[in-house]
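Peer 1: sequence? don't have it. structure:
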Ligand SMILES: Cc1cc2nc3c(=O)[nH]c(=O)nc-3n(C[C@H](O)[C@H](O)[C@H](O)COP(=O)(O)OP(=O)(O)OC[C@H]3O[C@@H](n4cnc5c(N)ncnc54)[C@H](O)[C@@H]3O)c2cc1C
């Protein structure tokens, strides 16, 4: 099977790259083994909230410029500030064109409220997510009876520490009783499958009406809206006060919505989506990857002109930590990593050196295998090294920016506009 490009991994990075390439007319396949990190994420994307020295980034241009000195192997430093900003803007357009209605923009981080009632800087958040409320606003935080993945009292206590007037309540929805029989079924995504049903809108509205009259705004766990914000929009029209949604513990409705809509856009563009398959082996000769061998296609290889490795970090087994060191799982690419004895720091909440581990590339984002740069192999997303997604608040941004950079280069080599 011949392709212009095969992408290994269908998370945020693989999908953004695939959508861009298919929009330029390329024949692209994405092979993706399992659920991506999106299903476990907040649904908000970070771009760069902190520098490696811990300073908060208030001016993105200045922050990006300082990365060259502070973290020269950071993917943003390899690409340079102008390109990072250009790709971040392009990613905003691409997400919007795929049907994702997000708030926020690159020049100004907003402060989204977390389920613990704290605020966190973010680049883009789903439209439904609350940002830090103005003083004097009375927030009602509404849990769902029996739903343990969102604790309204915890969120309210956190908000009160920030000086916000917040009261915790619970609502009971009889339609969810059937899920309560099995606690492992009582999760945000399974609840959403019930509440997204048209028939449940009136009971949901009834359960919230009196509470809405007592507060300026109600914050609910994000337990509806798996593919769009229709229920949320209708609630805001039907109730006297405003309604906003907080992300829950995974699986995440906002993250799964992003995954679903990006997948749909890729397929709509003509992309070939191969879920539940995995690349087991590759044939490399003369510095090029010529064939990919997958579990399902057995002895029929995928033959691409270009390959994008977007297989994720440790979480998705794109990187594997072993006694001797950290390795990249598919092609055995060279990995930048701290000395074996220095992977961790004792303080659990300190920046952890292992977070920086990942594939080493140059500014073309091509990887090295046995000392040789592979000419048609690009690397994008969280399998890359040189950054700390948690303490630098840059995980989603690195994925988007590097995905678009790889796509841009493949297009340039193919002479596509
Ligand atoms: C739990 C978690 C929560 C996060 N939350 C946020 C957040 O809220 N905001 C934020 O900005 N960032 C967040 N991040 C950072 C995150 O890394 C990125 O936002 C992003 O979603 C990662 O995308 P990715 O495409 O690089 O990798 P992934 O999403 O990990 O996707 C990689 C995909 O490749 C597949 N794969 C791996 N190996 C193979 C193979 N051999 N063959 C075929 N397929 C393969 C995997 O199954 C997976 O589907 C989070 C990270 C984690 C781990």
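Peer 2: Ah, there it is. Here the structure is a predicted model, which means the values were calculated and not measured.

Peer 1: contacts and neighbour counts: CA atoms only from here.
Peer 2: Will do.

Peer 1: pLDDT below threshold where in the stretch 301-417 of the chain?
Peer 2: Applying pLDDT under 70 to the stretch 301-417 of the chain flags the ranges 417.

Peer 1: Just the strands from it, written as ranges.
Peer 2: Under the criterion DSSP state E, counting those that start in this stretch, the stretch 301-417 of the chain contains strands at 303-309, 319-321, 326-328, 335-336, 358-359, 366-369, 372-379.

Peer 1: Turn these into CSV, including distance to residue 187.
Peer 2: Below are those laid out as CSV (distance: least, Cα to Cα, whole Å):
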stretch, distance to residue 187
strand 303-309, 32
strand 319-321, 29
strand 326-328, 33
strand 335-336, 37
strand 358-359, 32
strand 366-369, 39
strand 372-379, 34
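
Peer 1: Mind checking these for the one nearest to residue 173?
Peer 2: strand 319-321 (42.5 Å; Cα to Cα).

Peer 1: That closest one pairs with which strands, parallel or anti?
Peer 2: Applying DSSP bridges, strand 319-321 is found paired with strand 326-328 (antiparallel).

Peer 1: Of the strands of the stretch 301-417 of the chain, flag the one that's most buried.
Peer 2: Ranked by average neighbour count under the criterion mean count of other Cα atoms under 10 Å, those are headed by strand 358-359 at a mean of 28.

Peer 1: Near the ligand, which residues of the stretch 251-400 of the chain are found?
Peer 2: Applying Cα under 6 Å from any ligand atom, we find that the stretch 251-400 of the chain lies next to the ligand at 277-280, 310-313, 315-318, 330, 381-383, 389, 394-396, 399.

Peer 1: Of these, grab the buried ones for ChimeraX.
Peer 2: Those of those that count as buried under 16 or more other Cα atoms under 10 Å are selected in ChimeraX with:
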select :277,278,279,310,311,312,313,316,318,330,381,382,383,389,394,395,396,399
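
Peer 1: Helix, strand or coil: sort out residue 21 for me.
Peer 2: helix (DSSP: H, G, I helix; E, B strand; the rest coil).

Peer 1: Might you report the residue contacts of the closest residue to it other than its chain neighbours?
Peer 2: Spatial nearest neighbour of residue 21, excluding adjacent residues (Cα to Cα, 6 or more residues apart in numbering): residue 407 at 6.0 Å. Taking Cα atoms under 8 Å, 6 or more residues apart in numbering, we find residue 407 in contact with 17, 18, 20, 21.

Peer 1: Could you rerun that using 10 Å?
Peer 2: 5, 14, 16-22, 24, 308, 378, 380 (Cα atoms under 10 Å, 6 or more residues apart in numbering).

Peer 1: who wins for neighbours among those?
Peer 2: residue 18 (35 neighbours; other Cα atoms under 10 Å).

Peer 1: Indicate the residue of the stretch 1-150 of the chain located nearest to the ligand.
Peer 2: Nearest residue of the stretch 1-150 of the chain to the ligand, counting by Cα to the nearest ligand atom: residue 9, 3.1 Å away.

Peer 1: My guess is that residue contacts residue 403. True?
Peer 2: No. Between residue 9 and residue 403 there is no contact under Cα atoms under 10 Å: 11.6 Å.

Peer 1: Identify the contacts common to these two.
Peer 2: 15, 308, 309, 310, 380, 381.

Peer 1: and which of those is nearest to residue 54?
Peer 2: residue 381 (22.5 Å).

Peer 1: Distance of the closest residue to that closest one other than its chain neighbours relative to residue 6?
Peer 2: Once flanking residues are discounted, residue 381 sits nearest to residue 399: 3.8 Å by Cα to Cα, 6+ apart. Using Cα to Cα, to the nearest Å, residue 399 is found at 17 Å from residue 6.

Peer 1: ok so, going back, reformat the shared contacts of residue 9 and residue 403 as a markdown table; add distance to residue 77.
Peer 2: Shown next, in a markdown table, are the shared contacts of residue 9 and residue 403 (distance: Cα to Cα, whole Å):
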| residue | distance to residue 77 |
| --- | --- |
| 15 | 23 |
| 308 | 20 |
| 309 | 20 |
| 310 | 19 |
| 380 | 15 |
| 381 | 15 |
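
Peer 1: Which single one of those is nearest to the ligand?
Peer 2: Of the shared contacts of residue 9 and residue 403, the one sitting nearest to the ligand (Cα to the nearest ligand atom) turns out to be residue 381, at 3.6 Å.

Peer 1: Contacts only, for that closest one.
Peer 2: Counting by Cα under 10 Å, 6+ apart, residue 381 makes contact with 9, 11-14, 17, 75, 309-313, 358, 395-403.

Peer 1: need the contact list for residue 378.
Peer 2: By Cα under 10 Å, 6+ apart, the neighbours of residue 378 are 7, 306-310, 361, 364-368, 402-403, 405-407, 409-410.

Peer 1: go on, residue 38?
Peer 2: Neighbour list for residue 38: 11-12, 44, 250-260, 396 [criterion: Cα under 10 Å, 6+ apart].

Peer 1: Could you give me the PyMOL selection string for whichever of the residues you listed are buried?
Peer 2: The following PyMOL line selects those of the contacts of residue 38 that are buried, judged by 16+ other Cα under 10 Å:
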select buried, resi 11+12+44+250+251+252+253+254+255+256+257+258+259+260+396
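
Peer 1: Which parts of the stretch 51-200 of the chain are strands?
Peer 2: Counting by DSSP E, counting those that start in this stretch, the strands of the stretch 51-200 of the chain are 102-103, 110-113, 119-122, 125-126, 138-144, 165-171.

Peer 1: Tell me which of the ones you listed sits most buried.
Peer 2: strand 125-126 (a mean of 24).

Peer 1: Summarise which helices and strands that one is packed against.
Peer 2: If contacts are counted by 3 or more Cα pairs under 10 Å, 6 or more residues apart in numbering; DSSP states H and E, strand 125-126 sits against strand 102-103, strand 110-113, helix 253-268.

Peer 1: I am finished for the moment; much appreciated.
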